[in-house]
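Participant: I'll drop the sequence and a predicted model, then ask my questions.
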Amino acid sequence: MADNIDYYSLEAGRKTDSEEALFRKEIRHGFIRKVYGIISAQLLLTTVVTSLLLFIPGGTSWAKQSSGSVIIASTVLMLISSLVLMCTTARMRYPYNYLLLLVFTCSEAMLVAVVSAFYAASSVAFALGATVVITVGLSLFACQTKHDFTSCMGVMFVLTLNLVLFGLLALFLGTWAQVLYSSLALLVFSFYLVIDTQLIIGRGQLRLEEDDYIVAAVMIYLDIINIFLTLLRLFGERSD
């Protein structure tokens, strides 16, 4: 009789563990859907703002004339909102976290729109298409590969610091250095997209918690925007 009780207790325990694993998996999938839903809204807003500035009569002229003040104001708002979002209390408190995210996204969208105004519409369209292809390809790769790129965070931090230093030197070294810098930046941002994707799906050594959906969305959004701007700088044709 005791053996039967132990057997059924063991089976019940196994069932409980299985249900808990399934529950955790469902929570993770919900987290992933939420993150990419937010990212989609951010990218849609950025696309709309950029399109309005490019195609409304006088929009590009205004952007070029007001580029300095717009960039400064947008950068300040973006930095303030991003710093506040890094605070646990702010990013966990609804609806203030979404309001801060909206301010951040609008600021970034204005920066992207003003930068895009200095390039031909065909170049912006090419950079957009290439960004979509790269983003989808790298995201699928990050989900399918068995290699854990989250373990490379330390290496990426060092590479980023060196890239920033080289970027400062490239300002004084001519066009070839700026092209090389942009090429290296594209590689770095692409690696960050892979790493951040794995942090979100939770397949690596490191992973984001389910409550960090705002941070996760900002990370991927910035990766995509940086890839777009780098492609624009590499292949874009300046408008008249």
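Facilitator: Received the coordinates, thanks.
Participant: ok, and Ala185, which helix or strand is that part of?
Facilitator: With the criterion set as DSSP states H and E, the secondary-structure element containing Ala185 is helix 175-201.
Participant: Okay, angle between the following helix or strand past that helix and helix 175-201 too, please.
Facilitator: Sequence order places helix 213-235 as the next helix or strand after helix 175-201, per DSSP H and E. With axes from the mean of the first three to the mean of the last three C-alpha atoms, to 10 degrees as the criterion, the two stretches helix 213-235 and helix 175-201 enclose an angle of 160 degrees.
Participant: Run through the neighbouring helices and strands of helix 213-235.
Facilitator: The contact analysis (3 or more C-beta pairs under 8 Å, 6 or more residues apart in numbering; DSSP states H and E) places helix 213-235 against helix 2-55, helix 67-86, helix 96-116, helix 121-144, helix 175-201. C-beta: built from backbone N, CA, C; applies to glycine.
Participant: can you do 10 Å?
Facilitator: Of the remaining helices and strands, those touching helix 213-235 by 3 or more C-beta pairs under 10 Å, 6 or more residues apart in numbering; DSSP states H and E are helix 2-55, helix 67-86, helix 88-92, helix 96-116, helix 121-144, helix 175-201.
Participant: Buried residues of the fourth one, list them for me.
Facilitator: Pointing back at helix 96-116 there. Within helix 96-116, the residues scored as buried using 16 or more other C-beta atoms under 10 Å are 97, 100-101, 103-116.
Participant: relative to helix 2-55, how tilted is it?
Facilitator: 40 degrees.
Participant: As PDB, could you dump the C-alpha coordinates of helix 96-116?
Facilitator: The C-alpha trace of helix 96-116 is given here as PDB (Å, rounded to 0.1, in the frame of the first residue of the first chain):
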ATOM      1  CA  TYR A  96       3.700  56.200 -16.600                       C
ATOM      2  CA  ASN A  97       6.000  53.600 -18.200                       C
ATOM      3  CA  TYR A  98       4.100  53.800 -21.500                       C
ATOM      4  CA  LEU A  99       4.000  57.600 -21.400                       C
ATOM      5  CA  LEU A 100       7.800  57.700 -21.000                       C
ATOM      6  CA  LEU A 101       8.100  55.200 -23.800                       C
ATOM      7  CA  LEU A 102       6.000  57.400 -26.000                       C
ATOM      8  CA  VAL A 103       8.100  60.400 -25.300                       C
ATOM      9  CA  PHE A 104      11.300  58.400 -26.000                       C
ATOM     10  CA  THR A 105       9.900  57.000 -29.300                       C
ATOM     11  CA  CYS A 106       8.600  60.400 -30.500                       C
ATOM     12  CA  SER A 107      12.000  61.900 -29.800                       C
ATOM     13  CA  GLU A 108      13.800  59.200 -31.600                       C
ATOM     14  CA  ALA A 109      11.400  59.400 -34.500                       C
ATOM     15  CA  MET A 110      12.100  63.100 -34.900                       C
ATOM     16  CA  LEU A 111      15.800  62.400 -34.900                       C
ATOM     17  CA  VAL A 112      15.400  59.700 -37.600                       C
ATOM     18  CA  ALA A 113      13.100  62.000 -39.600                       C
ATOM     19  CA  VAL A 114      15.500  65.000 -39.500                       C
ATOM     20  CA  VAL A 115      18.400  62.800 -40.500                       C
ATOM     21  CA  SER A 116      16.400  61.200 -43.300                       C
END
